[in-house]
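*Asks:* sequence and computational prediction follow.
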Amino acid sequence: MTGVPASAAGGPSGARRAAGTAPGGLPVSGRAVAREARGTTPGPSGGGPRRGASGGVQGGARAHGDEVAPATASRDGAEDGARPARGAKIAAAAVNQASVWNIANLLTMLRLLLVPAFVMLMLAEGGYDPAWRSFAWAAFAVAMITDLFDGHLARTYNLVTDFGKIADPIADKAIMGAALICLSSLGDLPWWVTGVILGRELGITLLRFLVIRYGVIPASRGGKLKTLTQGIAVGMYVLALTGWLATLRWWVMAAAVVLTVATGLDYVKQAIVLRRRGIAEREAALEETEA
């Protein structure tokens, strides 16, 4: 042995252990107090922070961050609640406007644009050229097919808009009315048939608006069958058919007229029942209020 003291033999670290100080210069007791204040315990090696029961590292910086973050979040929340983000109302308005341009409404717009195109094709070359009549039939067929899809898409994918509620029935009446008037003006279809069909369509539309305060008249299966039959009959008249096909289209149109009248009377009956029920319910509610 050389006689060197134990504290000197251990070097600077040994001197610190002998003096009871930590590597950072704090006394051992002060280091323990610091750990308790930070809520940590010595790690397996004696120096690092140990993970708590939740599995997270409980260090001084982490504890400090946990205290500061809620205050910052609450401060941001207060600012968000007091003052909405700049341009939020403009963005919301833009989204509402953009929702009008959905696939269902675009199909309805296409059907409206096909009305003047159909009339021009139908009356081209005096209205009796088979080629132009075929093109007119194609435009009419596209319009009728889009009529089947736009309503289905709007209901299935929640694309119902105020524009669609107004434009869809207008497009339906416009393309059918244009076809009937063109056929009657060319002498292919009696005017009374055009009058019966258009009178029924306009009358039922007006009736729906009159009783809407009492409720909505639902579309019936007969009404859908009527629409399909009308489309087929008018389409057959638009084409320059001869022979037995010309005879067949007469019978199809006769069936369309019968369905048109029958469903029209059924709608009138439903409207009367709906109005009476609505008046009775209002009177009952008024009596309960007075009592």
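*Replies:* Structure's in. What do you need?
*Asks:* please enumerate the helices of the stretch 101-250 of the chain.
*Replies:* All helices of the stretch 101-250 of the chain, identified by DSSP state H, counting those that start in this stretch, fall at 103-123, 130-156, 162-185, 191-210, 221-238, 244-290.
*Asks:* can I get those helices in TSV including mean neighbour count and mean pLDDT?
*Replies:* In this view, the C-beta of every residue, glycine as well, is placed from N, C-alpha and C. Listed next are the helices of the stretch 101-250 of the chain as TSV, based on neighbours: other CB atoms under 10 Å; pLDDT from 0 to 100:
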stretch	mean neighbour count	mean pLDDT
helix 103-123	18	93
helix 130-156	17	89
helix 162-185	18	90
helix 191-210	15	92
helix 221-238	19	92
helix 244-290	14	92
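*Asks:* residues touching G177, list them.
*Replies:* By CB atoms under 8 Å, 6 or more residues apart in numbering, the contact set of G177 is 198, 201.
*Asks:* and it, how close does it get to V115?
*Replies:* Distance from G177 to V115, counting by CB to CB, to the nearest Å: 9 Å.
*Asks:* got it, and A291?
*Replies:* 55 Å.
*Asks:* quick one: contacts for Y267?
*Replies:* 204, 207, 217, 223.
*Asks:* could I get these as JSON lines with distance to W192?
*Replies:* Conversion of those to JSON lines gives the following (distance: CB to CB, whole Å):
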{"residue": "I204", "distance to W192": "18"}
{"residue": "L207", "distance to W192": "22"}
{"residue": "I217", "distance to W192": "26"}
{"residue": "G223", "distance to W192": "22"}
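*Asks:* biggest separation within those, which pair?
*Replies:* In these, the most distant members under the criterion CB to CB are L207 and G223, with 12.8 Å between them.
*Asks:* closest one to E283 out of the contacts of Y267, please.
*Replies:* I217 (21.5 Å).
*Asks:* find the residue closest to the closest one in space, skipping its chain neighbours.
*Replies:* Once flanking residues are discounted, I217 sits nearest to Q270: 5.2 Å by CB to CB, 6 or more residues apart in numbering.
*Asks:* cool, T229 as well?
*Replies:* Using CB to CB, 6+ apart and skipping the chain neighbours, the partner closest in space to T229 is A256 (4.3 Å).
*Asks:* confirm for me that that neighbour is in contact with A233.
*Replies:* Yes. With contacts counted by CB atoms under 8 Å, A256 reaches A233, the gap being 4.4 Å.
*Asks:* which residues does stretch 220-240 contact?
*Replies:* The contact list for stretch 220-240 (CB under 8 Å, 6+ apart) reads 122, 128, 130, 133-134, 136-137, 140-141, 144, 147, 172, 176, 179-180, 183, 188-189, 197, 245, 248-249, 252-253, 255-256, 259-260, 262-263, 266-267.
*Asks:* got the phi/psi numbers for S220?
*Replies:* Dihedral pair for S220: phi -100, psi 170, per degrees, to the nearest 10.
*Asks:* D266 versus that one, what's the distance?
*Replies:* Counting by CB to CB, the gap from S220 to D266 is 7 Å.
*Asks:* what's the answer for A291, then?
*Replies:* Taking CB to CB, one finds A291 at 38 Å from D266.
*Asks:* likewise for A167?
*Replies:* Taken as CB to CB, the span from A167 to D266 is 26 Å.
*Asks:* now R213
*Replies:* According to CB to CB, R213 stands 21 Å off from D266.
*Asks:* how about L239?
*Replies:* Distance from L239 to D266, by CB to CB: 31 Å.
*Asks:* one more: R111?
*Replies:* From R111 across to D266, the span is 26 Å (CB to CB).
*Asks:* and the pLDDT at T40?
*Replies:* If you check T40, the pLDDT there is 45.
*Asks:* whoops, I mixed them up, G87
*Replies:* Here the pLDDT value assigned to G87 is 49.
*Asks:* ditto for P70
*Replies:* Per-residue confidence (pLDDT) for P70: 42.
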